[in-house]
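> Provide a 3D model corresponding to the input given below.
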Amino acid sequence: MNRLFKTGAMLLLLLPMSSAWAEGVDWQELTEKQQQVLNKFERLWSDLPADRQEKLQRGADRWQDLTPEQKQQARTRFKKWRVLPPEQRERLRQRFEKFQELSPEERQEIRKRFQWFKNLPEERKQEIRERWQNMSPEQKQRWRQRREQFRQMTPQQRQEIRRRFQR
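Residues are numbered from 1 along each chain as shown. A predicted model of the protein is given here:
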């Protein structure tokens, strides 16, 4: 009984704290620069969920650290995002969530491979895309299985396979 009372008392003490955590960020708590970046949200700020307010606040901080070129790139990507069909946006969100669940090493490997692909000549990229599009569902599945096996290998095993294919 005593333990139950202590647990109840502890919960009562923590309840006000949990509501403070859930309150989010008051618009007036934002810095002037954050408010400038987030000015489109001012009227609906108090209606946004607390976690969304906090994400926007962190995003405003990151925005301020970007170079003018990086800001322009971000604007361009956002314009492209806005015209995507909802299904494609959802697929991209899901892929991003999967990416976030990967280990830092796996994310770094993906970034490295993406950079490799990005630096290929345009005709080579097109060749790779066409090869993928021309694969049957079974061939694509086998490729995915081999990729998964590759991911489960040690870095040394991966390196050995890469060396073999580069000869």
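
> hmm, R111 and L102 touching each other?
No - using CB atoms under 8 Å, L102 is not in contact with R111; the gap is 10.7 Å. Placement of C-beta: from N, CA and C, glycine included.

> so W27 makes contact with S46?
Yes - using CB under 8 Å, W27 is in contact with S46, at 7.1 Å.

> next, count neighbours for D61.
Using other CB atoms under 10 Å, D61 has 13 other residues around it.

> for L56, that is, sorry about that
19.

> spit out the contact partners of it.
For L56, the contact set (CB atoms under 8 Å, 6 or more residues apart in numbering) comprises 38, 41, 48.

> turn those into JSON lines, including neighbour count and secondary structure.
Formatted as JSON lines, the contacts of L56 follow (neighbours: other CB atoms under 10 Å; DSSP: H, G, I helix; E, B strand; the rest coil):
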{"residue": "L38", "neighbour count": "18", "secondary structure": "coil"}
{"residue": "F41", "neighbour count": "17", "secondary structure": "helix"}
{"residue": "L48", "neighbour count": "15", "secondary structure": "coil"}
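
> now these as CSV including distance to R146 and pLDDT?
Output for these, formatted as CSV (distance: CB to CB, whole Å; pLDDT from 0 to 100):
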residue, distance to R146, pLDDT
L38, 46, 93
F41, 46, 91
L48, 45, 92
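
> what about the one residue sitting closest to the centre of the chain, distance to K80?
Nearest to the centroid of the C-alpha atoms of the chain, with distances taken as CA atoms, centre = their mean, sits F96, at 4.6 Å. Distance of F96 to K80, computed by CB to CB, to the nearest Å: 15 Å.
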